[in-house]
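Engineer: fold the following, please.
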Amino acid sequence: MERLRGIYPALLTPMKSGGQIDFAELEKLVDWLFGQGVHGLYVGGTSGEGLLLEPSEREEIVALVVRLSRGRGKVMVHVGAIGTAEAVQLAQHAERHGADAIAAVPPFAFGRNLAGISAHYSAIAHSCELPLYLYNIPSLTAVNLRADDIARLAKLPNVCGLKFSDYDLFEEFRIISLENKLDVFHGCDETLLYALMMGAVGGVGLLYNIMPKTILAIYDAFLAGDWKKANDHQLKLSAFTNVFLRHAEGSAVGLAKGVMGGLGFACGQARSPNPPVSRESIERTIELARPFWSG
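Structural biologist: Sure, this is the predicted structure:
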């Protein structure tokens with residue numbers, strides 16, 4: 001299996017005023033992100049509202065993004081779903097269309113014990129040959145996969161890594177230190193550098209859509225061993241993230257889509273039950289983001 005590394009925006013899903021996916025705007029966003037230098041794209045995750053999309057919509061997005069990404073970067077497709085059959089369907093579709101890897105949240109409505117979680121991941125893992133990344137995001141799923149759980153799940157076929165979206169950095173360190181040597185992508189923008197310092201191989205995040213150059217600056221400075229430069233960028237990003245979350249009004253995805261308007265992208269609103277974000281909050285956040293865009 002090819003080892004994925006680097007900075008992967010959790011790709012937003014632009015939508016028209018009626019709620020339909022805006023594929024033209026999606027293509028524009030993909031082109032721009034690769035032009036900024038990102039290493040790949042993470043498609044259909046929380047930031048992309050994957051769990052709020054119909055399976056057919058998710059498949060259309062994957063087909064387009066994989067096609068646009070050829071020769072430019074890798075694509076990791078989130079195939080997580082409430083039902084195992086849907087997750088398997090999405091995994092097989094991703095493989096047919098040439099995705100580089102898949103990821104999936106654990107069951108979070110039914111089958112939430114370790115036996116159910118293992119059976120769910122096993123079905124996905126056996127359904128295709130793509131590298132499979134487990135996904136720990138307890139703030140969304142209320143399922144917190146600990147290092148011991150990950151060690152058991154890592155014995156399944158094709159499991160090669162984990163997307164870790166939580167603030168428990170010591171637990172992330174325990175996972176990185178497992179004998180299985182999983183590739184861990186960090187999912188909290190505001191602590192990316194500190195996860196890289198522990199051995200994470202890259203990051204996946206919402207704000208990577210808004211300020212990819214800043215995220216890449218953290219990663220590149222880290223690789224170069226310039227800890228001060230990396231930390232300076234991280235602290236600025238963390239301070240922005242703190243303000244961003246205070247303005248999100250319960251919908252970080254909705255705010256991010258609104259802020260992208262300041263970069264010339266019409267991403268529309270987030271799907272219900274995400275609440276709408278006020279124009280005042282969007283404009284204030286755009287104002288705070290501008291220094292990151294101007295360098």
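Engineer: contacts and neighbour counts: CA atoms only from here.
Structural biologist: Noted.
Engineer: can you find the helix or strand in the protein with the smallest mean pLDDT?
Structural biologist: helix 138-141 (a mean of 91; mean pLDDT, DSSP states H and E).
Engineer: contact partners of that helix?
Structural biologist: Val105, Pro106, Pro107, Phe108, Asn144, Leu145, Ser165, Asp166 (CA atoms under 8 Å, 6 or more residues apart in numbering).
Engineer: excluding its backbone neighbours, what's nearest the fourth one?
Structural biologist: What it means is Phe108. The shortest distance from Phe108 to any non-neighbouring residue, by CA to CA, 6 or more residues apart in numbering, is to Thr141 (5.1 Å).
Engineer: likewise for the second one?
Structural biologist: Once its chain neighbours are removed from consideration, Pro106 has its nearest residue in Ile117; the separation is 5.9 Å (CA to CA, 6+ apart).
Engineer: from Asp149, how far out is the one you found?
Structural biologist: Between Ile117 and Asp149 the computed distance is 10 Å (CA to CA, to the nearest Å).
Engineer: who's more crowded, these two?
Structural biologist: Ile117 (21 against 14; other CA atoms under 10 Å).
Engineer: surely Lys163 meets Gly187?
Structural biologist: Yes - using CA atoms under 8 Å, Lys163 is in contact with Gly187, at 6.3 Å.
Engineer: joint contacts of those two?
Structural biologist: Residues touching both Lys163 and Gly187 by CA under 8 Å, 6+ apart: Val204.
Engineer: what ranges do the strands span in the stretch 1-150 of the chain?
Structural biologist: Under the criterion DSSP state E, counting those that start in this stretch, the stretch 1-150 of the chain contains strands at 6-9, 40-43, 74-78, 101-104, 132-136.
Engineer: of those strands, which is nearest Thr84?
Structural biologist: strand 101-104 (10.4 Å; CA to CA).
Engineer: surely His126 and Pro157 touch.
Structural biologist: Yes - using CA under 8 Å, His126 is in contact with Pro157, at 6.8 Å.
Engineer: between the two, who's got more neighbours?
Structural biologist: Comparing His126 with Pro157 by other CA under 10 Å, the one with more neighbours is Pro157, at 17 against 13.
Engineer: contact partners for that one?
Structural biologist: Pro157 neighbours (CA under 8 Å, 6+ apart): Ser122, Ala125, His126.
Engineer: save those as TSV, and put in pLDDT and distance to Arg72 too.
Structural biologist: Output for these, formatted as TSV (pLDDT from 0 to 100; distance: CA to CA, whole Å):
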residue	pLDDT	distance to Arg72
Ser122	98	31
Ala125	97	26
His126	97	29
